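Peer 1: Fold the following and give me the result.
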Amino acid sequence: MKKNILILCGAVSMLALAGCDTPAENANEAAAENLDAQADATREQADATADAMEDKADTLDTQTDGVDSAAEQKMENDAQAVRDKAEVKADAMEDKADAKD
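Peer 2: Residues are numbered from 1 along each chain as shown. Next up, the predicted model:
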């Protein structure tokens, strides 16, 4: 009986050790999580900037005819460019994070 318990305890401890990450693996995982967080922050900051640009663009067109003025359309296009640029940057960060995992 005691022999079986010792074998079982030994097997459990071996499995527990097999599941442990090395310090290097932990560092890589932390770096990957940091890059993912930076990617999220990049997207959020770009969205906030673009939203503010679009809000300002809406004030440029005082007519409610459903047609954007040239200035409003340019600012909305610029806002979309901010989003697109941030998305590319964030995707690159996530790709780099995936490579670390």
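Peer 1: Kindly list the longest helix within the protein.
Peer 2: Ranked by residue count and defined by DSSP state H, the top helix of the chain is helix 23-60.
Peer 1: Buried residues, it. List them.
Peer 2: With burial defined by 16 or more other Cβ atoms under 10 Å, the residues of helix 23-60 counted as buried are 28, 32, 35-36, 38-39, 42-43, 46, 50, 53-54, 57. Backbone N, C-alpha and C define where each C-beta goes, glycine included.
Peer 1: For stretch 78-88, buried residues please.
Peer 2: 79, 82, 83, 86.
Peer 1: The second one is in contact with residue 49, isn't it?
Peer 2: Yes - with the criterion set as Cβ atoms under 8 Å, residue 82 and residue 49 qualify as a contacting pair; they are 5.5 Å apart.
Peer 1: Quick check: neighbours shared by the two?
Peer 2: Counting by Cβ atoms under 8 Å, 6 or more residues apart in numbering, residue 82 and residue 49 have no common neighbour.
Peer 1: What is the longest helix of the chain packed up against?
Peer 2: Packing partners of helix 23-60 (3 or more Cβ pairs under 8 Å, 6 or more residues apart in numbering; DSSP states H and E): helix 70-100.
Peer 1: what is the orientation angle of the helix it packs on with helix 23-60?
Peer 2: The directions of helix 70-100 and helix 23-60 differ by 170 degrees, with axes from the mean of the first three to the mean of the last three Cα atoms, to 10 degrees as the criterion.
Peer 1: Just name whatever secondary elements helix 70-100 is in contact with.
Peer 2: Checking 3+ Cβ pairs under 8 Å, 6+ apart, helix 70-100 ends up next to helix 23-60.
Peer 1: Could you pull up the mean pLDDT of the helix it packs on?
Peer 2: The average pLDDT within helix 23-60 is 92.
Peer 1: Adjust the sequence numbering to begin at 30 for everything that follows.
Peer 2: Will do, 30 is the new start, and the previous item becomes helix 52-89.
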